[in-house]
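Colleague: have a look at this fold, sequence not included:
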């Protein structure tokens, strides 16, 4: 079961045209909204004790709290400042299935040292692999609950000023942070593997990719996450 959450539906509709699909041939549930809007996700809401609702009937992320096995957060965190990134991380942690092997993964702008750095259209706050690991393992979750893998890679980016883009000094280096956050005590799953230890996974894609192909690329990644044999949590 898969669900996409994004600010607007326009790019999703264009994606269907681009890939020549329909809601029937590519049956992925789409929700439009702002994750920081209480109308779409209430962090204060009690965690559900009942089975998850049918995806077709889901209208808010609150209904999926504690039920999502795989979360892809692509080009998302670096849109916000440090405080909002922490808040967003807490929200995603609340959505994550409590069983071992459940995973959040993604990529975004990063730097060798955390702080505010030039972006393509504005300055953005970037974490380092070390600060990102500490954020999830010690602040968002309690110690020992999750394992973080974070890899920083230098990217080739144009340095010309185009239209309303910010001026970027020649020689400025850009980095991408590739990462995963996995609940412990199950089989270790890296960001490059296509498998999890949860039977019948429920998958959520959150993205700020500003293109129909970007949104569909994320949803097609998770389409190939085949479930592995279920693993019962340790008592």
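Modeller: Looks like it came in fine. Keep in mind it's a predicted model, so treat the numbers as computed, not measured.
Colleague: let me see the ranges of the strands in this structure.
Modeller: 2-6, 29-32, 70-74, 103-110, 115-117, 124-126, 146-155, 174-183, 195-196, 203-207, 226-227 (DSSP state E).
Colleague: show me which positions of the fifth one end up buried.
Modeller: Taking 16 or more other Cβ atoms under 10 Å as the neighbour-count basis, strand 115-117 is seen to contain the buried residues residue 117. C-beta: built from backbone N, CA, C; applies to glycine.
Colleague: tilt between the longest helix along the chain and strand 2-6?
Modeller: For the chain, the longest helix by residue count, based on DSSP state H, is helix 82-95. Comparing the axes of helix 82-95 and strand 2-6 via axes from the mean of the first three to the mean of the last three Cα atoms, to 10 degrees yields an angle of 160 degrees.
Colleague: rounded mean pLDDT for helix 82-95, please.
Modeller: Averaged over helix 82-95, pLDDT sits at 93.
Colleague: and the strands of the chain, which one averages the lowest pLDDT?
Modeller: strand 195-196 (a mean of 31).
Colleague: which positions within the longest helix of the chain qualify as buried?
Modeller: In helix 82-95, counting by 16+ other Cβ under 10 Å, buried: 82, 85, 88-89, 91-95.
Colleague: partner residues bridging the residue lying closest to residue 111 once chain neighbours are set aside?
Modeller: Of all residues not flanking residue 111 in the chain, residue 126 sits nearest, at 4.3 Å (Cβ to Cβ, 6 or more residues apart in numbering). With DSSP bridges as the criterion, residue 126 is bridged to residue 115.
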